[in-house]
Each structure stands twice: as structure tokens, then as C-alpha cells.
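**Student:** this is a predicted model, with the sequence first.
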Amino acid sequence: MTVALEVRNLVKKFGGLVATNDLSFDLAEGESLGLIGPNGAGKTTVFSQVMGELRQTSGTIKLFGTEISGLSTAQRIARGVSRTYQVPRPFADLSVRENIRVGLMPDSLRAMIFGAADKNREAELAQSIGFSPADLERPASELSMGDLRKLEFARTLATGAKVLLLDEVFAGLTTGEISQIAALIQDLRARGFTFLMVSHDLPAMEPLVDRALAIERGTLLAQGPFAEVLSDAAVRASYLGVA
Amino acid sequence: MDLRPHHFILWGLFIAAMLLMPELVSKGTLRTMIFACYLAMFAISWDILSGRTGYISFGHPFLIGIGAYTTAILTRRYGFPVEASIPIAVVVTMFGGLIVLLPALRIKGSYFALVTLAVMELMLQLIPVVRPDLTAGTRGISRLPALTRGAEDGYYLAVGLMLAIALFAWLLMRTRLGTALWAIGMNEESVRGSGLSTTRLKSFAFLVSAAIAGLAGAFYAHHLGAVTPRSIFDVNLLFQIIVACLLGGQAPFLDPSLAHSSWCFCWRTCVRQSALRWSSYGHFWSQFSLRSRDRAGSLSMR
Ligand SMILES: Nc1ncnc2c1ncn2[C@@H]1O[C@H](COP(=O)(O)OP(=O)(O)OP(=O)(O)O)[C@@H](O)[C@H]1O
Ligand SMILES: [Mg+2]
């Protein structure tokens, strides 16, 4: 079993606030791990450190066995890890197709100038996430919240990364959209993708993960099978507000 | 953004009209249009960096000035032929800009604009005092070799150069690189989150922008026949570039990327002829010219 992501003793301090507190966990290749915790627990901060958008105060992050803490975000993505943002960050004036195109682009000026865009792949990605062919040319500024999340997911997938960090992909989606995205995630899992996902929609997340990891104030509370973690006394107290 | 048949027709008409212009208008108007062509080149240069990536440059006169001064010094002080001095001017502009302005590309938002403005002001102050034997100080360098004879030839040269630069910029911006630069202007974090090195992209846009500014600046110097610090490192020129770009970018009746670059030329001509000029940037202009007059006044008092 290959370890896709190995986080050891990760600490992130914002001034006096400890957002990640000595957190360690492994994510096996092909595994899907649910990261749960109340608002402000530090879930998004973990994602940002894995992607290099925030620099950790201390601790190590390894991707497929290689320490990536010194790498830029682009280099990390090239090594196979990519994320969605909790608040979608589309390119507002670009069409759905062009948004996906940016995700598909190789990080090489030469290829960007002389290589043509792969229109079939763009359409295929958009379709797999549930966009209709008519949506392809719509500017992102016209999309609903649900569509923006789908676009965010599509652009992340387009980077070609096999380790995907999904931050609240279901928020603001209709039940129809949730089942479509869930089906896509199941399909990707079957194809060997690795997931670390955050969602407040626990029933939607449960069938999509092999395991769960609960944190509160940056500290690990429990990890293990989803049902066990949810029934853990500390997790129930912090997350569900029940003693 | 794909080209439609009517785009080709409109462009054909536009180019035909441009080429016929010397038959139709007076010499004076022709001279205005030569200036408009150079302004369009400067605006294209500005657009590639600032219009796309959203990093607003107030320092383009600085880049134009490097190109203009390099060719002026090489031809007048060292006897270089223009065939050599202009390409050298382009390279020097790219390097000069790189050293001074590239570090600023790591600075976010309005600070980039301020740093570039500061660099331009610095040049205005430095040129007269550093190596005045080469630059001839505030008087500037005059009697540069002319590339053309008469307004008509000068006009054809300017139009040809402008169209060539516009075509190049347009082709470049149609590539995926153009899309990526545009995306940076909308959300730089997301571009980085899509696996692209934004620093490399911005540097490239900057280099292309500087090369065009240096090229156009060098030709412009030979067109004017003289360069002075006041005529180049000038906020008025800066605002004309930006206004040309903003107005040009709003011509909706052609392909937007084409409009973005080359139509600023047409607008510029209209703007120059009309009161719009004063209402559009008159405010900034008066502010800055008042201030620079104050400064000139305080200098002469001393
Ligand atoms: N850039 C920052 N500067 C200072 N504090 C920050 C910063 N980013 C996050 N925090 C703080 O760190 C803590 C963890 O935030 P984070 O966004 O990771 O939580 P989260 O688990 O993703 O919450 P949510 O469920 O609301 O998305 C919060 O207290 C937050 O206020
Ligand atoms: Mg969060």
C-alpha cells in the first residue's frame, strides 16, 4: 500500500491562534478520507498547507513519499495533488469551457503558446460533472452557486491530479446535483483517485469515504470508520453539540 | 472570440481606409494620426501587461523612454546605424525594465502601480543629472536620423508598424497563454491553484510588453527627431496611453481581442479631436499638470 499523503506533526499558528495543532495522518493511495469538525476547526487551513498556499509553522507534508513543503503550489499540483475552494473562485468573464481550459493547461509557456486547446477534453470534463453542452459557452459570472461548485470541481479535476482535496463540494447544491457529484466521485474512486474531503453534509459524505478523521481547534479528536468516529464521545460533544 | 466573416470585412475596410488616408486628409491631420499610431502601439504594450493581468502599470513611459534614449544615444553619440540601434533598444528595454520593474510584479495591487509611477518619476529626475554628456540633460538629444521623408512616408511606416504589432499581440492573446493572462486579472490565486506558475506568466507578459514599448519608443524617437525627458517621462503621455486603451477596449463591434489592441488607435483619433478628451482625463491631467507646475515653480525659485 502506497501512502499518497503523509502529514506529520503539522502545526500552523496565526499569531496566538493555533489553527493546526500537531496533526498527523496518512492517506493511502486510492483511499477516501472524510475530514470533519465544527466551523473554524481548521479543515480548510490543512488544505491550504498541503497545497502550499499557507506555509506551516512546523511539521512535514509528504506526497508519495517526497517532502513537498519547499515546493510552490504549481509544483505540488504537477506532482499530483489539487484542491477545490470552499468559496468558489471562478474566472468570472471566462466561459465554463475556458475556466476548465485554465485547469488543463500545462505549466509551460511554450506549450501554452504553441499547443492548441483540447476542446474534446474540455467538453468531456464539463459533461462528466453535469454541465450541458449549452453551458460550455456561458460566462462563469452567469452561473448559479451550484454550477460554480461544479465548475470548481471540474477545474480541479482538469489539473490531472490524482489526489483531490474537496472543500465543501456539496454546499449549495440541489439533491439532484449532489447525487450527480456523488456518482462522479464514486466513479473516480473506482478509477483509483484519492480523496480528502470536507463536508458539513454528513449523510451525503458517508457513502463516499472509507474512513473519517475528526478535528477540533486543529487537534485530532478521533479517526477510524465513519460511524465509529461519529459516535465518539468527544466528537459528538464538539461537532454535534450532544454530550 | 472566434473570427466571423464580418470581422474580416470590417478589418479589410479599416486597413483600406488607413492606407487611403493620406489622399483624404490634410498633412496636419496626418501628423496627428502618426501620433495616434504610436499611441496605439504604446497602448497595445500596456494592454498586454495591465489590461490582461490587472497589474496596472504607471511606468510605461519609463519603458518607452529606455527604447527612445537607447537608440538616440547609440545613433547620435556612437554613430550606430538605426538598423542596429533599434534592435538593441528593444533588448535594452527588456533588460532595463526587468531589473527595475520585475521585482515589483511580486507586489500586489495598487502598490505595483505606485512603484511603477515612482520609477518613471525617478527617471525624469535622474536623466538630466546622470551622464549628461550622453543624454544632454534636460535639453535632450536632437537631430536624430530620420527614418522617412515627409508626413506621408512617416504615416505609412507608423501604420505598418502598428498593424504588425497589433497582429502579433492579437495572435499571442488568442493562444492559451492569452487566456491564462486574462485569468490572472480575474483571480490570480485560482490560476496558481490550477497548477500554473503565475510569476512566470506575469514576467513573460511583462517582457513582451516591454519589448513592444521599446520598439515603438525607438521608432517614435526617430519620428520626433528628438527626445527630451519632459516629453517622454510624462504623466500626460501615461494617461493618454491608458485612456486610449480603456476606450479602445470598449469598441464592441469587432472581435474583442482585436478591439482591445488596435481600436484604441481609432478612438484616440476621435478623442483627440473632441471635447471628450478633456472630460475623460481632464481631471487627472489638470491635477498632475498643476502639481508639476508647482514643482517647476519651486525649483526655479531656488
Ligand atoms: N489567514 C488567516 N489568518 C488568521 N486566522 C485564520 C486564517 N485562516 C484561518 N484562520 C483561523 O483559523 C481557524 C481555522 O479556520 P479554517 O478556515 O481552517 O476552519 P474550517 O474548519 O475550514 O471552518 P469552516 O467549517 O467554517 O470552513 C479559524 O479560527 C480561523 O478564523
Ligand atoms: Mg473551511
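**Tutor:** Arrived safely. Ligands and ions are numbered 1, 2, ... in the order given.
**Student:** C-alpha from now on. contacts and neighbour counts both.
**Tutor:** Will do.
**Student:** now residue 75: closest residue in space that isn't a chain neighbour?
**Tutor:** Reading this off chain A. Once flanking residues are discounted, residue A:75 sits nearest to residue B:195: 7.2 Å by Cα to Cα, 6 or more residues apart in numbering or on different chains.
**Student:** ah, I was thinking of chain B
**Tutor:** Using Cα to Cα, 6+ apart and skipping residues adjacent in sequence, the residue nearest residue B:75 is residue B:81, 6.2 Å away.
**Student:** over to that neighbour: give its phi and psi.
**Tutor:** With angles defined as degrees, to the nearest 10, residue B:81 shows backbone torsions of phi -70, psi 150.
**Student:** pLDDT score for the residue of chain A most remote from its centre?
**Tutor:** Counting by Cα atoms, centre = their mean, the extreme residue of chain A relative to its mean C-alpha position is residue A:114, 31.0 Å from that point. According to the prediction, residue A:114 has pLDDT 96.
**Student:** test my guess that it contacts residue B:173.
**Tutor:** No. Distance between residue A:114 and residue B:173: 11.8 Å, which falls outside the contact criterion (Cα atoms under 8 Å).
**Student:** burial count for the residue nearest to residue B:75?
**Tutor:** Using other Cα atoms under 10 Å in any protein chain shown as the criterion, residue B:81 is surrounded by 13 other residues.
**Student:** ok, residue A:71 next?
**Tutor:** Counted by other Cα under 10 Å, the residues lying close to residue A:71 total 13.
**Student:** which residues touch the residue lying closest to it once chain neighbours are set aside?
**Tutor:** Of all residues beyond its chain neighbours, the one nearest residue A:71 is residue A:52 (7.2 Å), with distances taken as Cα to Cα, 6+ apart. Under the criterion of Cα atoms under 8 Å, 6 or more residues apart in numbering or on different chains, the neighbours of residue A:52 are A:69, A:71, A:72, A:73, A:76.
**Student:** so the second one, which of the three states?
**Tutor:** If I follow you right, that is residue A:71. Here residue A:71 is recorded as coil under DSSP: H, G, I helix; E, B strand; the rest coil.
**Student:** what does residue A:197 give?
**Tutor:** Residue A:197 falls in the strand class when you classify it by three-state DSSP.
**Student:** so it touches residue A:34, yeah?
**Tutor:** Yes. With the criterion set as Cα under 8 Å, residue A:197 and residue A:34 qualify as a contacting pair; they are 4.9 Å apart.
**Student:** what ranges do the helices span in chain A?
**Tutor:** A:43-51, A:73-78, A:96-104, A:109-114, A:119-128, A:145-158, A:175-190, A:202-205, A:226-231, A:233-235 (DSSP state H).
**Student:** restricting to C-alpha, output the fifth one in CSV.
**Tutor:** Pointing back at helix A:119-128 there. As requested, the backbone C-alpha atoms of helix A:119-128 are provided in CSV (Å, rounded to 0.1, in the frame of the first residue of the first chain):
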residue,chain,number,x,y,z
LYS,A,119,-11.7,21.1,-26.9
ASN,A,120,-12.9,17.5,-26.6
ARG,A,121,-11.4,17.0,-23.3
GLU,A,122,-12.9,20.3,-22.1
ALA,A,123,-16.3,19.2,-23.2
GLU,A,124,-15.9,15.8,-21.7
LEU,A,125,-14.9,17.1,-18.3
ALA,A,126,-17.7,19.6,-18.3
GLN,A,127,-20.2,16.9,-19.2
SER,A,128,-18.9,14.4,-16.6
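**Student:** so which other helices or strands are in contact with that helix?
**Tutor:** With contacts defined as 3 or more Cα pairs under 8 Å, 6 or more residues apart in numbering or on different chains; DSSP states H and E, the secondary structure elements packing on helix A:119-128 are helix A:96-104, helix A:145-158.
**Student:** on that earlier part again, phi, psi of the residue nearest to residue A:71?
**Tutor:** Dihedral angles of residue A:52 (phi, psi; degrees, to the nearest 10) stand at phi 80, psi 10.
**Student:** tally of neighbours for the residue in chain A that chain B sits nearest to?
**Tutor:** Of the residues in chain A, the one nearest chain B is residue A:74, at a distance of 4.1 Å by Cα to the nearest Cα. The local packing of residue A:74 (other Cα under 10 Å) involves 21 other residues.
**Student:** go on, the one 5 residues further on?
**Tutor:** The tally of other residues near residue A:79 (other Cα under 10 Å) stands at 19.
**Student:** tell me if I'm right that it and residue A:161 touch.
**Tutor:** Yes. Shown here, residue A:79 and residue A:161 form a contact pair, counting by Cα under 8 Å, at 7.4 Å.
**Student:** quick one on the thing from earlier: for residue A:217, find the nearest of the helices and strands packed on helix A:119-128.
**Tutor:** Using Cα to Cα as the criterion, the shortest distance between residue A:217 and the helices and strands packed on helix A:119-128 is 26.4 Å, found for helix A:145-158.
**Student:** hmm, who's touching that closest one?
**Tutor:** Applying Cα under 8 Å, 6+ apart, the set of residues contacting helix A:145-158 from outside is A:82-85, A:88-90, A:96, A:99-104, A:125-126, A:129-130, A:140, A:164, A:166, A:169-174, A:177, A:181, B:194.
**Student:** over to the residue in the stretch 151-300 of chain B that ligand 1 sits nearest to: give its phi and psi.
**Tutor:** Scanning the stretch 151-300 of chain B for the residue nearest ligand 1 gives residue B:189, at 13.9 Å (criterion: Cα to the nearest ligand atom). When read as degrees, to the nearest 10, the backbone of residue B:189 gives phi -60, psi -40.
**Student:** okay, residue 39: pLDDT?
**Tutor:** Picking chain A for this. Per-residue confidence at residue A:39 stands at 92 (pLDDT).
**Student:** can you look at chain B instead?
**Tutor:** 86.
**Student:** that one reaches residue B:242, doesn't it?
**Tutor:** No. Residue B:39 sits out of contact with residue B:242 when judged by Cα under 8 Å, with a separation of 9.7 Å.
**Student:** okay, now residue 120: neighbour count?
**Tutor:** All of this is about chain A. The number of residues packed around residue A:120, counting by other Cα under 10 Å, is 9.
**Student:** try chain B instead
**Tutor:** Applying other Cα under 10 Å, we find 24 other residues in the vicinity of residue B:120.
**Student:** got the residues of chain A near chain B?
**Tutor:** A:73-78, A:82-83, A:89-94, A:98, A:101-107, A:109, A:112-117, A:155-156, A:159 (Cα under 8 Å from any Cα of the partner chain).
**Student:** got a list of what residue 238 touches?
**Tutor:** As the question left the chain open, I've gone with chain A. A:37, A:38, A:216.
**Student:** I was after chain B.
**Tutor:** B:58, B:59, B:60, B:61.
**Student:** picking up where we left off before, what would the helices and strands packed on helix A:119-128 look like in JSON lines with distance to residue B:65 and mean pLDDT?
**Tutor:** Compiled in JSON lines, those are given as follows (distance: least, Cα to Cα, whole Å; pLDDT from 0 to 100):
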{"stretch": "helix A:96-104", "distance to residue B:65": "35", "mean pLDDT": "97"}
{"stretch": "helix A:145-158", "distance to residue B:65": "42", "mean pLDDT": "93"}
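**Student:** just give the closest residue to residue A:199, not the sequence neighbours.
**Tutor:** Among residues not flanking residue A:199 along the chain, residue A:168 sits closest, at 4.6 Å (Cα to Cα, 6+ apart).
**Student:** cool, and residue B:178?
**Tutor:** Closest residue in space to residue B:178, ignoring its immediate chain neighbours: residue B:172 at 6.3 Å, by Cα to Cα, 6+ apart.
**Student:** the residue farthest from the centre of chain A: what's it in contact with?
**Tutor:** Residues near residue A:114 by Cα under 8 Å, 6+ apart: residue B:175.
**Student:** looking at residue 195 now. What's its pLDDT?
**Tutor:** With no chain named, the answer covers chain A. On the pLDDT scale, residue A:195 is placed at 98.
**Student:** chain B was what I was after
**Tutor:** Residue B:195 is given a pLDDT of 95.
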